[in-house]
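1. Sequence first, then the predicted structure:
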Amino acid sequence: MNPGNTKRPYSKHQIHRGWRFFRFWVYRFNNQPLRAALSLVLSDESFGRIGKFLKKPGGTGAAGPRTLRAKEVAPAKAVGTDGLVTFVTLSPEAGPADLALLESALNDPATPWTFVATSGVDREIISLAAGIALGMSDDYDLLYTDEHYFAEEFPRARPAALGPHTLLSGNVVGRHYLLRNSTARAVGGLRNEFASASEFDLFLRMRDEGARFARYPFVLTSAAPEFVAKDLVAATSAALARRTPSSLKSEGSAPGIVNWQIYSLESAHVEILIPTRDRLELLQRCIEQIEKVTTYAHYSITILNNDSVEPETLQYLQTTSHKVVDCPGEFNYARIINQGAAQSSAEFLVMLNNDTIVKTSNWLELLLGVALLDDVGVVGAKIIDQNGDVEHSGIAIAPYPQHIRHGVNIPASWSDFAGIRNVAAVTGALHMISRVKWIELGGMDEELEVLLNDVDLCLRAELQGWHTVLQPAVVIQHFVSSSRGRLNPKSDRERFIAHWDLFRDYQDPYFPETCSLYGNQLTYNYLTAQLLRWSAVIKSFFALG
């Protein structure tokens with residue numbers, strides 16, 4: 001939209017939408033000519049100097065781990081060294097022999113870079129991927145790729161930014177990456193005590209020291225890497241111990257995923273704010289379930305009464321042992337929450353819809369176990385609907401705010417989405433934030449009366465350096481819009497879109513830019529991926545000289 005009718009240059013997101021439109025019509029009738037043309041354009045011969053810069057090693061070699069030494073690689077003139085990259089291919093389980101090869105490569109002072117892949121990937125493809133990555137490497141210490149595992153239908157698309165809390169949950173970098181050797185050596189290199197998670201431990205220490213990670217637009221196909229759960233847990237525990245003096249716990253969850261939490265040395269007071277207008281049956285059910293299952297002792301409940309009029313509701317509000325705050329006036333969710341929060345003195349605030357049922361007994365401990373970190377702003381939970389289906393496991397701006405539904409609109413095989421992770425936003429049906437950070441953010445934007453005030457809060461927190469995190473171990477059931485009904489003001493949507501410039505410059509850092517999400521439909525944008533790849537190729541061409 002351009003209300004002022006002012007001419008502006010096309011943005012990359014407008015071009016992106018144009019390519020999606022073009023792709024829809026071409027693929028709808030016959031996708032073969034387009035894909036064949038792209039394959040031809042992106043063949044080895046089309047890369048010119050990049051293809052020549054790396055010699056094609058040839059031959060498959062013996063089965064199992066193997067290394068191509070730097071002397072087999074033609075140096076880039078811009079670098080002017082005899083050795084540029086050491087290629088290491090590891091078996092999926094990365095045993096001791098594999099890790100010894102990787103350690104040797106990282107400690108080679110004559111070679112500045114190591115490119116790691118899973119055995120079975122064609123060496124010519126590895127050379128090509130490394131050539132593209134090297135052209136982008138000046139600004140980064142580690143570049144990772146999308147991966148396509150043999151047993152899966154779609155590539156595992158990865159976001160442009162690797163969230164710091166996502167990385168704590170497992171080796172989401174994968175097994176195809178270009179690594180700056182000097183950075184790895186500076187943080188101590190591989191530590192063998194973490195066995196199959198030695199690479200993961202290295203990535204965590206690099207991130208702790210400010211190493212720069214980025215995705216580059218290449219897809220490599222191989223068998224899925226294998227990680228031993230206890231090794232991953234040990235690496236995450238060591239990383240958490242470096243961050244906080246509090247006691248901590250981490251344990252294996254989904255395959256390759258660690259579920260971690262931090263325990264406060266002191267018992268923080270949590271105040272649960274529940275807005276309501278009549279609908280006593282919903283309110284009572286919500287509160288009774290909290291009282292029944294919650295194992296955390298230091299919490300209180302505050303009911304935010306927005307002009308209830310039914311006698312039964314008024315009777316309940318007069319006799320309940322819980323605090324009641326009157327929030328009169330036309331329904332404005334943001335204003336109601338702000339009024340309730342203004343009368344709180346608790347260290348942490350939880351906003352909870354009255355049409356929810358808490359399913360996890362230690363839900364407050366799990367939410368606090370993330371919210372206690374200094375760099376965390378808002379923490380959300382996994383939400384299921386009245387039928388038990390996943391309704392929410394984070395919100396992606398892709399390009400409009402959409403609920404991520406792992407296992408529904410995100411393939412269940414994408415295990416990166418199964419753990420604690422960074423997201424653009426979480427729903428206000430349940431979220432936690434420290435009161436100090438809430439005050440600094442100024443609460444919710446009351447001009448977003450009904451919709452998107454929760455997403456806006458998360459995005460503003462991100463601008464302050466406070467990440468939004470999803471804790472999927474906390475599960476609540478949400479009887480969708482039982483309280484709000486069909487209230488869905490268009491003005492909220494227009495204000496939000498204009499303020500955040502969604503369809504021009506905003507890019508969700510934690511959702512793959514090669515994917516679009518519309519309701520339950522996830523689309524892997526092959527054309528967008530190819531355009532990003534071409535951009536990297538062109539940059540590599542000029543960077544390598």
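-> Now that the structure is in, tell me what you want to look at. Note that this is a predicted model, so its numbers are computed, not measured. Numbers count the residues shown, from 1 in each chain.

2. Can you tell me the SS state at Ala117?
-> strand (DSSP: H, G, I helix; E, B strand; the rest coil).

3. cool, and Leu240?
-> Leu240 ends up helix, using three-state DSSP.

4. so how far is Gly369 from it?
-> Using CB to CB, to the nearest Å, Leu240 is found at 10 Å from Gly369. C-beta: built from backbone N, CA, C; applies to glycine.

5. what's near enough to touch the closest residue in space to Tyr518 that isn't next to it in sequence?
-> If the residues on either side of it in the chain are set aside, Tyr518 comes closest to Gln402, at 6.9 Å by CB to CB, 6 or more residues apart in numbering. Gln402 sits next to 395-396, 409, 517-519 when contact means CB atoms under 8 Å, 6 or more residues apart in numbering.

6. Mind checking which of Leu240 and Gly369 has more residues around it?
-> Using other CB atoms under 10 Å, the more surrounded residue of Leu240 and Gly369 is Gly369, with 25 against 22.

7. a strand runs through the more buried one, doesn't it?
-> No: counting by three-state DSSP, Gly369 is not part of a strand but helix.

8. Not counting sequence-adjacent ones, nearest residue to it?
-> Nearest one to Gly369, counting by CB to CB, 6+ apart, is Gln261 at 2.8 Å.

9. circling back to that earlier point, what do Leu240 and Gly369 both touch?
-> 260, 262.

10. Roughly how far does Arg405 sit from Gln339?
-> Counting by CB to CB - Arg405 and Gln339 are separated by 32 Å.

11. next one: His392
-> 25 Å.

12. on that earlier part again, can you add neighbour count and give the contacts of Gln402 back as TSV?
-> What follows is the contacts of Gln402, written out as TSV (neighbours: other CB atoms under 10 Å):
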residue	neighbour count
Ile395	26
Ala396	24
Asn409	18
Leu517	24
Tyr518	12
Gly519	10
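
13. Among these, name the ones in helices.
-> With helices taken from DSSP state H, there is no overlap with these.

14. Now, these that are in strands?
-> 395-396, 517-518 (DSSP state E).

15. Please give me every residue in contact with the closest residue to Ala412 other than its chain neighbours.
-> Once flanking residues are discounted, Ala412 sits nearest to His406: 6.9 Å by CB to CB, 6+ apart. Under the criterion of CB under 8 Å, 6+ apart, the neighbours of His406 are 390, 393, 412, 414, 417-418, 472.

16. Out of these, which end up buried?
-> For the contacts of His406, a burial check counting by 16 or more other CB atoms under 10 Å picks out 390, 393, 414, 417-418, 472.

17. Closest to Arg205 out of those?
-> Ala418 (23.8 Å; CB to CB).

18. you'd agree the closest one is up against Leu470?
-> No: using CB atoms under 8 Å, Ala418 is not in contact with Leu470, being 10.4 Å away.

19. Can you give the contact residues for the helix or strand where Arg205 lies?
-> Assigned by DSSP states H and E, Arg205 falls within helix 198-208. Outside helix 198-208, the residues that touch it by CB under 8 Å, 6+ apart are 94, 99, 102, 116, 141-142, 162, 164, 167-168, 170-171, 173, 183-184, 187-192, 194, 213, 227, 231-232, 235-236, 238-239, 242-243.

20. In helices, which of these fall?
-> Per DSSP H, the contacts of helix 198-208 map to helices at 99, 102, 164, 167-168, 183-184, 231-232, 235-236, 238-239, 242-243.

21. pLDDT below threshold where in this protein?
-> Within the chain, the segments meeting pLDDT under 70 span 1-83, 122-125, 128, 245-254, 264-266, 481-487, 537, 539-545.

22. what's the spatially most distant residue from the centre of it sitting at in phi/psi?
-> For the chain, the C-alpha farthest from the mean C-alpha position belongs to Pro311; by CA atoms, centre = their mean, that distance is 46.2 Å. Note on Pro311: its backbone torsions stand at phi -60, psi -40 [degrees, to the nearest 10].

23. What of the one 10 residues further on?
-> Ser321 has phi and psi values of phi -80, psi -10 when expressed as degrees, to the nearest 10.

24. Can you get me a residue count around Glu155?
-> Just so we're on the same page, residue 155 is Pro rather than Glu. Using other CB under 10 Å: Pro155 sits among 21 other residues.

25. meant to ask about Ile337, not that
-> 24.

26. quick one, longest strand in this structure?
-> strand 467-478.

27. in its sheet, what does it sit against?
-> strand 356-358 (antiparallel), strand 376-384 (parallel), strand 421-422 (antiparallel) (DSSP bridges).
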